[in-house]
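1. A predicted structure for the sequence below; I have some questions about it.
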Amino acid sequence: MTDIITASNLTLGYESNQSVIKEANFTINVNDFVIITGESGSGKSTLLNSLYGAIKPKSGSLNVCMSELNGISARELRTLRQKIGVVFQDYRLINEWTIEKNVMLPLLISGDYDKHTCDTQVANLLQHVKLAHKMGKYPLELSGGEQQRVGVARAMCHNPQLLLCDEPTGNLDEYSSNMVWALLRSANEAWGACVIVVTHSKPSMHRFKFRHFDIKDGKVNEVS
């Protein structure tokens, strides 16, 4: 298998004298589905944020999609983020934009796609997340579960190699949670993205192959 993420003695933190993640060593492969658990404040989101450069390593090495994040330049980081999609717990949709334009956002940022390509990709994704009938609507006209499905579609719009999800079902009811988990599985199995999900607990209703990392006392341990 080919590595997409490699951490070596990785230490992360927010203050000069405080480390949240301590000397972590792990490797994640291109086709992996990874679930990261840990108690509140354990460093789950800190680790996830480091994978797209929102938090820089204090020490050690972190290589994501063949880019070393320790000392990465702003230009290199922009290039790396074109390979990554992010799904947030609080959706982070732009309320003044239609759901189509929200989904299109990564393509608009890139600037490398013509209007026909953008429109076709958005239509396909809204069909995939079962929201084609909501085209023309705005985020606040949708339920929380529907907004999160828009968030998943947006994260997948530029066909990322890596899909990072921070508590993507934390605000959803069971029905919506099940739909989001199914979409993330599809992103991994059908679309070929490596999917990493931070969550308080593993999904109990879903049986599928995944790797499980747990964070405790600053240590990142793989659970068999």
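-> Great, that's in hand. Numbering: from 1, shown residues only.
2. Please name the residues that touch the residue most central in space within the chain.
-> Most central residue of the chain, judged by C-alpha distance to the mean C-alpha position with CA atoms, centre = their mean, is residue 164 at 1.5 Å. If a contact means CB atoms under 8 Å, 6 or more residues apart in numbering, then residue 164 has 48, 51, 52, 84, 85, 86, 87, 196 as its contacts. All C-beta atoms are positioned from the backbone trio N, CA, C, and that covers glycine.
3. list the buried ones in the stretch of helix or strand residue 184 belongs to?
-> Counting by DSSP states H and E, the secondary-structure element that holds residue 184 is helix 174-189. For helix 174-189, the neighbour count (16 or more other CB atoms under 10 Å) marks 176, 177, 178, 179, 180, 181, 183, 184, 185, 186, 187, 188 as buried.
4. before we move on, back to that, of the contacts of residue 164, buried ones?
-> Judged by 16+ other CB under 10 Å, buried ones among those: 48, 51, 52, 84, 85, 86, 87, 196.
5. Report the contact partners of the fourth one.
-> Looking back up the chat, that one is residue 84. The neighbourhood of residue 84, defined by CB under 8 Å, 6+ apart, consists of 51, 52, 64, 65, 160, 161, 162, 163, 164.
6. if we can go back for a sec, tabulate the buried residues of helix 174-189 (a markdown table), appending distance to residue 39 and pLDDT.
-> What follows is the buried residues of helix 174-189, written out as a markdown table (distance: CB to CB, whole Å; pLDDT from 0 to 100):
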| residue | distance to residue 39 | pLDDT |
| --- | --- | --- |
| 176 | 24 | 90 |
| 177 | 20 | 90 |
| 178 | 24 | 89 |
| 179 | 27 | 90 |
| 180 | 22 | 92 |
| 181 | 21 | 93 |
| 183 | 27 | 93 |
| 184 | 23 | 94 |
| 185 | 26 | 93 |
| 186 | 30 | 93 |
| 187 | 27 | 94 |
| 188 | 26 | 94 |
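7. still on that earlier bit, please name every helix or strand in contact with the helix holding residue 184.
-> With contacts defined as 3 or more CB pairs under 8 Å, 6 or more residues apart in numbering; DSSP states H and E, the secondary structure elements packing on helix 174-189 are strand 33-38, helix 144-156, strand 162-166, strand 194-198.
8. repeat that with 7 Å
-> When contacts are defined as 3 or more CB pairs under 7 Å, 6 or more residues apart in numbering; DSSP states H and E, helix 174-189 sits against helix 144-156, strand 194-198.
9. need the ones you listed in JSON lines with distance to residue 15 and mean pLDDT, can you?
-> As requested, those are arranged in JSON lines below (distance: least, CB to CB, whole Å; pLDDT from 0 to 100):
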{"stretch": "helix 144-156", "distance to residue 15": "30", "mean pLDDT": "96"}
{"stretch": "strand 194-198", "distance to residue 15": "22", "mean pLDDT": "97"}
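10. ranges for the helices of this protein?
-> Secondary structure of the chain, counting by DSSP state H: helices at 44-50, 74-81, 99-110, 115-128, 144-156, 174-189.
11. Give me whichever of those helices is most buried.
-> The highest average neighbour count among these, using mean count of other CB atoms under 10 Å, belongs to helix 144-156 at a mean of 24.
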